[in-house]
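Asker: Structure for the following, please:
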Amino acid sequence: MRKLLKLKKKPDYRFIGSAPKNNDKDISLMKEALKEAEIAYSRQEVPVGAVVVYQNKIITRAHNQKEELQDPTAHAEILAIQQAAKYLGSWHLEDIDLYVTLEPCPMCAYAMLQARIKRLIFGTPDPKAGAAGSIINIVQDKRFNHQIEVVSGVLKKECSLILEKFFQERR
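Answerer: Residues are numbered from 1 along each chain as shown. This next block holds a predicted model:
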């Protein structure tokens, strides 16, 4: 029989990181991600937007396109990571900051680990599927060979309002 590995201590899935009060750069870049969320909203997609920043410059932008592409993996984060890898000619994205309006789901969080994203900045937490601290913290789990710096709550109110409006219209 196989032996089960015992963890010495439980992983820490606390919400780590919060937005500095006056970080103009993060606020400005989250506004750009919100523009992408607005595009998704106008196309009847769940309004999540993302931008990828390399050397203080936005290199890719994306928004959810699950309905348009009929692809369950077409989340803003996945599309932004794919575009960034093509732009840079490498899947190793160690020097990348990813701004996204909603806390990433487990699929997106693991894709970020695989891409070696340096920093994740998100707007609003996702209490149902958040994998950067809300229900699980994949991006900072020490059992993986890479961890991502996380900043949460940047333009939280604005990021949550567009989602609330979208789902209220559909209920």
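
Asker: The most centrally placed residue in the chain and residue 56: what is the separation?
Answerer: The centroid of the chain falls nearest to residue 104 when counting by C-alpha atoms, centre = their mean (4.0 Å). Computed as C-beta to C-beta, to the nearest Å, the residue 104 to residue 56 distance reads 22 Å. From N, CA and C alone the C-beta is placed, and that goes for glycine too.

Asker: before we move on, what about residue 84?
Answerer: Separation of residue 84 from residue 56 (C-beta to C-beta) stands at 15 Å.

Asker: These two - which one has more neighbours?
Answerer: It is residue 84, of residue 84 and residue 56, that has more neighbours when counted by other C-beta atoms under 10 Å, with 24 against 8.

Asker: For the more buried one, grab phi and psi.
Answerer: Phi and psi for residue 84, reported as degrees, to the nearest 10, are phi -60, psi -40.

Asker: Quick one, grab the pLDDT at it.
Answerer: pLDDT for residue 84: 98.

Asker: Wait, it touches residue 97, no?
Answerer: No - using C-beta atoms under 8 Å, residue 84 is not in contact with residue 97; the gap is 10.5 Å.

Asker: Return every residue with contacts to both of these two.
Answerer: Contact criterion C-beta atoms under 8 Å, 6 or more residues apart in numbering; residues shared by residue 84 and residue 97: 52, 54.

Asker: just checking, what packs against the longest helix belonging to the chain?
Answerer: Ordering each helix of the chain by length in residues (DSSP state H) puts helix 24-42 first. Counting contacts by 3 or more C-beta pairs under 8 Å, 6 or more residues apart in numbering; DSSP states H and E, helix 24-42 packs against strand 49-54, strand 57-63, helix 76-88, strand 96-102, strand 119-124, helix 156-169.

Asker: Could you rerun that using 10 Å?
Answerer: Packed against helix 24-42 by the contact rule (3 or more C-beta pairs under 10 Å, 6 or more residues apart in numbering; DSSP states H and E) you find strand 49-54, strand 57-63, helix 66-69, helix 76-88, strand 96-102, strand 119-124, helix 156-169.
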